[in-house]
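Predicted structure and sequence below. I'll ask about it afterward.
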Amino acid sequence: MGRNSLAKSFYDSIEVDEPNETSTWVVLYDFHGIKPNSRFWYNLKRLAKLAGDGSLVQYSVFMTRSKRGALTAVKLAEHYGADVLFIRGEIVPK
């Protein structure tokens, strides 16, 4: 049996999402003065698959409908040395 990725380990350690959750979660991260480790990008892409609908909006923005996925992105970014901002948004009908 192979090793789990850091993304999978962090994802498994966080509580499962509420079934009726309707929020969108945005994680903004910034690596001040350092270049992010290439493993960070690998783990973030892996997380997008684990969360089901996660995506990189820009190089410094990860967005998902899964709170569990967003919290995992926060842990990953902090693990690799980034400053992180975690935001919850609601979709409001017109």
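That came through fine.

rest of the way, CA atoms for contacts and neighbours
Will do.

hey, where'd the strands end up in this protein?
24-30, 55-58, 61-64, 83-89 (DSSP state E).

Lowest average pLDDT across these?
Per-stretch mean pLDDT for the strands of the chain is lowest at strand 55-58 (a mean of 87).

which helices and strands sit right next to that one?
strand 61-64 (3 or more C-alpha pairs under 8 Å, 6 or more residues apart in numbering; DSSP states H and E).

In the sheet, which strands lie alongside the strand it packs on, parallel or antiparallel?
Strand 61-64 has its sheet partners listed here by DSSP bridges as strand 24-30 (antiparallel), strand 55-58 (antiparallel).

which of these is buried the deepest?
Among the strands paired with strand 61-64, ranked by average contacts under mean count of other C-alpha atoms under 10 Å, first place goes to strand 24-30 (a mean of 21).

Which residues does that one contact?
Applying C-alpha atoms under 8 Å, 6 or more residues apart in numbering, the contact partners of strand 24-30 are 60-67, 70, 73-74, 77, 82-91.

repeat that for 6 Å
The contact list for strand 24-30 (C-alpha atoms under 6 Å, 6 or more residues apart in numbering) reads 60-65, 82-89.

Thank you kindly, that will do.
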